[in-house]
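> This is a predicted model, with the sequence first.
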Amino acid sequence: MGRLTQQLIHYSSFINVNMFRFVEHQADIAVELEAGDRKSLFRNGLEAVIALLTGVPDGEGWERTLEEIPKGKEDIFSIKGDGYDDEERLVNLLNELLNACQIDGWWPLEVESVNFSYDDTVRAWILGVRGQVNRYFVREIKAATYHNLKIDTGAIWRTKVVFDV
Amino acid sequence: MAEDQFKLEQIAPFRWRLPKGSVTGMRVPGEIIASPEMIPRIINDRTPLQVANVATLPGIVRASLAMPDIHWGYGFPIGGVAAFDLEEGIISPGGVGYDINCGVSLIRSDMKAGDVRNRIPKLIDALFNTVPCGVGSEGRIKLSNRDLNQVLETGAGWVVKQGLADSADLDHMEERGALGGGDSTLVSNRAQERAQRQLGTLGSGNHFLEIQEVTDIYHREAAEAFGLFKGQMVVMVHSGSRGLGHQVCDEALKVMQGVVRRQQIDLPDRQLACAPFKSREGREYFAAMNCAANFAWGNRLVMVSLTRRIFEDFFKHPWPELGLRMVWDVCHNIAKVEEYEVGGRRQKLCVHRKGATCAFGPGNPTLPEDYRQIGQPVIIPGDMGRASFVLVGTDRATETTFSSTCHGAGRILSRKAAVQATKGQDIVRQLAAKGITVRARGRWTLNEEVPEAYKDVGEVVEVVHGAGISQKVARMKPLGTVKG
């Protein structure tokens, strides 16, 4: 089984357990994240960005087939999100992923791991394929925004992120 | 604010006030330009809440304004206008948006649409194959660092200097295609890197290049001044500052989160992050934003130039003989320093227009001589299935809306809803049945941008005309559209 097929299965499982869900936003795109802990919430945010960019499959009608996604040598790249609080760290991390994909040419396949360092900076390691991948993306995402961003903590960690598209 | 708190008071035809106190901390009232028929939808969308939130920002003067194409945004509403005192007020990247100087160019021609109608599909194909469009599209121009710095500081002027456009084009562009306060040293390497291959690219989303036919003339004198006539073929280009603008906004928002904390500015939404205009952070953002705006003017003018070359090849005549002159170029996401009378005294203000268009009235000294007596052309793009408009600015806009008017149709369906509503439909064929040729690069672009996803721009235009903040000059219908 190839890595990309695994990617499809991987995403299907995420959608089935509803770890991120695209919700109505009039002009842009919003996603609700839910997780059992802090690290998973950030991971789910990254997964949502990957689905938004690649459409592999996001369960909302933007799906695409394996023929439409780039192939190449797989490698792992890292990104980080710093900030005053978790809301800032989340926005910065998601925007770093957008930059890695839309500027540096990474086609993201899956999130390998997410960790917080002693100063609360969050780092993530992503498996991807690097090259001229921009034309394969489903859409251009300008940024994750701070609009009404508030992370609810507790037994369930929840938030909603609005992306400017 | 619950929906029943949106107590909008009609203060004049098409003008509705959202009283101070609708949310805690409002420094001025809100004011929405809309028809009575639009009000239920506006309330249902909760956009008055975003109008009220903007009214809490330090230094705001007169009112937090919204145009009739208002819809829910992030932080500021789309269709929002807010002016801030330069001494005590703020500047907010969220009040400009990520696509700094997203805007529209309109090129006229001497050709009648009826004479070329059968050739439109081939012409659209030629444009589609030549003007870079779509997600991550890159242009043919690879800018050196030196050239990029010049684009950032001189905008459309750089394009003219390269011989790609005519100096007369600058006369017909807002701010002559460049804001003077740009400082390229304040644009990060990351942002510059994004710009190096994106000059002359359309991008994706709601951006487009469209061939249109003028179907109606409402204001003969203004139409003549702008070179427009019934049956004429014109070309509209809608794009912005591409990745550069996104990066400038993103980086500034990050900086201003810190400013808000340090200065203890109380914000109802973190996307409204801002800094005092006079602060170092405020001035640095303003200078970088000016650079991004200048890049956008250069970007659109390069696409105008490409369009002219394609028309030359297609019609076998030099573009001046085809009459492909710039009517006007407007921006609709910007913060600019302009002077207005507030409380009986002239005052310099930082006017934020996020999804709103400048609409200077007759006599404005910044307008070129050929338009000064009539007022500034206002270009209003619609959706790809119905219409677009040319309006003219008025004195009333100067007095009531900081010389601002609407910017387009405004969405009524989210992208997700639009895709779901049109799944399985052949939109290309549907539009072709209406005589409109459409080419799109993105797989879902047409679904997301389907005409039904937007308000009827005609209704929006009737409101700004009725409110007197601009007057109708001409209506155009689409003949062919290139989408990203």
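Nice, thanks for sending it over.
> Just the pLDDT for B:Glu3.
As summarised for this prediction, B:Glu3 has a pLDDT of 49.
> can you give me the offset of stretch B:181-192 from its chain's centre?
22 Å (C-alpha atoms, centre = their mean, to the nearest Å).
> Helix or strand with the lowest mean pLDDT in the chain?
Looking at chain A here, since you left the chain open. helix A:3-16 (a mean of 47; mean pLDDT, DSSP states H and E).
> wait, I meant chain B there
helix B:415-422 (a mean of 86).
> Not counting that one itself, show me its contacts.
Where contact means C-beta atoms under 8 Å, 6 or more residues apart in numbering or on different chains, the residues beyond helix B:415-422 that reach it are A:22, A:24, A:28-29, A:60-62, A:165, B:413, B:444, B:446-450, B:452-453. For glycine as for every other residue, the C-beta is placed from the backbone atoms N, C-alpha and C.
> hmm, who's touching the following helix or strand past it?
Next helix or strand after helix B:415-422 toward the C-terminus (DSSP states H and E): helix B:427-433. With contact meaning C-beta under 8 Å, 6+ apart, helix B:427-433 is reached by B:384-385, B:437-438, B:440, B:446-447, B:450, B:481.
> in the chain, which ranges drop under the pLDDT threshold?
All of this refers to chain A. A:1-18, A:56-68 (pLDDT under 70).
> that's the other chain; I wanted chain B
Ranges of chain B meeting pLDDT under 70: B:1-5.
> Longest strand of it, counting residues only.
strand B:470-483 (DSSP state E).
> hmm, that strand in reach of chain A?
No. Strand B:470-483 stays clear of chain A (C-beta under 8 Å from any C-beta of the partner chain), getting no nearer than 12.2 Å.
> That strand pairs with which strands?
Sheet pairing of strand B:470-483 (DSSP bridges) gives strand B:208-217 (antiparallel), strand B:388-393 (antiparallel), strand B:437-440 (parallel).
> mind listing what's buried in the least confident helix or strand of chain B?
Neighbour-count burial for helix B:415-422 flags B:415-419, B:422 (criterion: 16 or more other C-beta atoms under 10 Å in any protein chain shown).
> go on, stretch B:457-471?
B:457-458, B:460-465, B:467-471.
> Export that stretch to CSV, keeping only CA atoms.
The C-alpha coordinates for stretch B:457-471 follow below in CSV (Å, rounded to 0.1, in the frame of the first residue of the first chain):
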residue,chain,number,x,y,z
VAL,B,457,-24.8,43.7,-7.6
GLY,B,458,-27.6,45.7,-9.2
GLU,B,459,-29.5,45.9,-5.9
VAL,B,460,-26.3,47.0,-4.1
VAL,B,461,-25.7,49.7,-6.7
GLU,B,462,-29.3,51.0,-6.5
VAL,B,463,-28.8,51.6,-2.8
VAL,B,464,-25.6,53.6,-3.1
HIS,B,465,-27.2,55.5,-6.0
GLY,B,466,-30.3,56.1,-3.8
ALA,B,467,-28.2,57.1,-0.8
GLY,B,468,-26.4,59.6,-3.1
ILE,B,469,-22.9,58.3,-2.2
SER,B,470,-22.2,57.6,-5.9
GLN,B,471,-24.2,57.7,-9.1
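> ok so, going back, what about the contacts of helix B:415-422, which are in strands?
A:22, A:29.
> ok, of the contacts of helix B:415-422, which come out buried?
Listed as buried from the contacts of helix B:415-422 are A:22, A:28-29, A:60-62, A:165, B:413, B:444, B:446-450, B:453; burial here means 16+ other C-beta under 10 Å.
> between the residues you listed, which is closest to B:Pro377?
Nearest to B:Pro377 among the buried ones among the contacts of helix B:415-422, counting by C-beta to C-beta, is B:Glu449 at 24.7 Å.
> In contact with the closest one, which residues?
Counted by C-beta under 8 Å, 6+ apart, B:Glu449 has contacts B:205-206, B:383-384, B:418, B:483.
> how does it look with 10 Å?
B:204-208, B:383-385, B:411, B:415, B:418, B:422, B:427, B:438, B:440, B:442, B:481, B:483-484 (C-beta atoms under 10 Å, 6 or more residues apart in numbering or on different chains).
> Not counting sequence-adjacent ones, nearest residue to the closest residue to chain B within chain A?
Per C-beta to the nearest C-beta, the residue of chain A with the smallest distance to chain B is A:Asn134, at 2.6 Å. Of all residues not flanking A:Asn134 in the chain, B:Gly136 sits nearest, at 2.6 Å (C-beta to C-beta, 6 or more residues apart in numbering or on different chains).
> neighbours of the residue of the stretch 1-150 of chain B found nearest chain A, just the number please.
Proximity of the stretch 1-150 of chain B to chain A (C-beta to the nearest C-beta) peaks at B:Gly136, 2.6 Å away. Using other C-beta atoms under 10 Å in any protein chain shown, B:Gly136 has 24 neighbouring residues.
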